[in-house]
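Peer 1: with the input below, show me the fold.
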Amino acid sequence: MEYWIKGLLGDCYLEIGELDIAFSCLQEAVEGLEKKDDSDLLGTIYQFIGGYYEMSEQYDTALMYYEKAVEYAGADEIVRVYRLIADTYDDMEEDVEMRDLFNDFILDNIKSIYDEFVHDGTSYETWFRENFEDRTGEDRF
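Peer 2: Next comes the predicted model:
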């Protein structure tokens, strides 16, 4: 539990722009959770670390951590992680083609992502509106 709290604290420091303190907290959290092999929490901490690297404009490292987060993501996190990856490509202005390919992949496979990862009774239409409609303006039902 203490490592999870450290990770949440690191995320709070990210939110206020204290990157050095955030990284220290997140590093301690990930080391502790990896030792405990706590896969339920590791995915979220990897997302936070990816956020740190994205804020530091180290986009390749951010993507590496987001990809690690995908491996641990549950149904409630998978869409968030994919959106973080797409946002990182968006920040990488020189890699517009890759960003567009990634966004197209997500949109083209959105129904299968829903079918595979969402098992909480939320309808596809509601889930899509909550997670994508604000970004795409498209109707994919």
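
Peer 1: shaky segments in the protein?
Peer 2: Where the chain drops to pLDDT under 70, the residues are 75-76, 94-99, 102-103, 105-120, 124, 127-141.

Peer 1: can you tell me the helix or strand for the residue nearest the centre of it?
Peer 2: Centre of the chain computed as the mean C-alpha position; nearest residue by C-alpha atoms, centre = their mean is V81, 2.6 Å away. Here V81 sits within helix 78-91, counting by DSSP states H and E.

Peer 1: alpha carbons only: can I get that helix in CSV?
Peer 2: Extracted in CSV, the C-alpha atoms of helix 78-91 (Å, rounded to 0.1, in the frame of the first residue of the first chain):
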residue,chain,number,x,y,z
ILE,A,78,-6.9,0.3,-21.7
VAL,A,79,-8.6,3.2,-23.4
ARG,A,80,-6.9,5.7,-21.3
VAL,A,81,-3.5,4.2,-22.1
TYR,A,82,-4.2,4.2,-25.8
ARG,A,83,-5.2,7.8,-25.6
LEU,A,84,-2.0,8.7,-23.7
ILE,A,85,0.0,7.0,-26.5
ALA,A,86,-2.0,9.0,-29.2
ASP,A,87,-1.5,12.2,-27.3
THR,A,88,2.3,11.6,-27.1
TYR,A,89,2.4,11.1,-30.8
ASP,A,90,0.5,14.3,-31.1
ASP,A,91,3.1,16.0,-29.0
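
Peer 1: which elements pack onto that helix?
Peer 2: When contacts are defined as 3 or more C-beta pairs under 8 Å, 6 or more residues apart in numbering; DSSP states H and E, helix 78-91 sits against helix 39-55, helix 59-72, helix 96-108, helix 110-117. The way it works is simple: take the backbone N, C-alpha and C, and place the C-beta from them, glycine included.
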